[in-house]
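Student: What shape does this take:
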Amino acid sequence: LSDQARSALNNLILKVRQVGARQDLIQEGDKPDNVLLILDGFACRYKVLPDGQRQIMALLVPGDFCDLNVFILDEMDHNIGTISQCQVVGGADRGRIRRRAGGSGQGDPGLGGPARQSGRHGQLRRDP
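Tutor: Predicted structure coming up:
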């Protein structure tokens, strides 16, 4: 990440927490107010099927934002849970993320410049 992007990200971070394995970070039906970032460990997006089984929709690895879809969802249509113990950054509300995601327009690419969304699940990856 560029220095500007790191600074933008640092301004959004409110708390870092350890979460044990097999814990839900957010559940289907919850109102998504904050954006979470996986710093360490593995998590996933999943749906609970009618027969009670879980369908994993996406794996989340260190550096992935869990739920950039807070911009479009009034309530979560899936769950996000940890697979292993995770270190998670959370607390940046949707308004602060929305303002930073687009950049300042003054040579600052925002959070979308050094990384881009991959797939339809909102994970970010660094450009080569």
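
Student: now the closest residue to G20 other than its chain neighbours: how far from V19?
Tutor: Nearest residue to G20 in three dimensions, chain neighbours excluded: Q85, at 5.7 Å (CB to CB, 6 or more residues apart in numbering). In this view, the C-beta of every residue, glycine as well, is placed from N, C-alpha and C. For Q85, the distance to V19 equals 7 Å [CB to CB, to the nearest Å].

Student: so where's the chain shaky on pLDDT?
Tutor: Counting by pLDDT under 70, the ranges of the chain that qualify are 1, 9-14, 69-71, 91-128.

Student: would you list every one of the helices in it?
Tutor: Along the chain, counting by DSSP state H, helices occupy 3-12, 94-101.

Student: on that earlier part again, identify the residues contacting the residue nearest to G20.
Tutor: 18-21, 41 (CB atoms under 8 Å, 6 or more residues apart in numbering).

Student: What separation is there between K47 and I56?
Tutor: According to CB to CB, K47 and I56 sit 9 Å apart.

Student: just checking, V61 touches F42?
Tutor: Yes - applying CB atoms under 8 Å, one finds V61 in contact with F42, separated by 6.1 Å.

Student: neighbour count winner among the two?
Tutor: Set V61 next to F42 and count neighbours by other CB atoms under 10 Å: F42 wins out with 16 against 13.

Student: show me the contacts for the closest residue to the more buried one other than its chain neighbours.
Tutor: Taking CB to CB, 6+ apart, and ignoring the residues beside it in sequence, F42 has I83 as its nearest neighbour in space, at 4.3 Å. Counting by CB under 8 Å, 6+ apart, I83 makes contact with 21-22, 41-44, 59.
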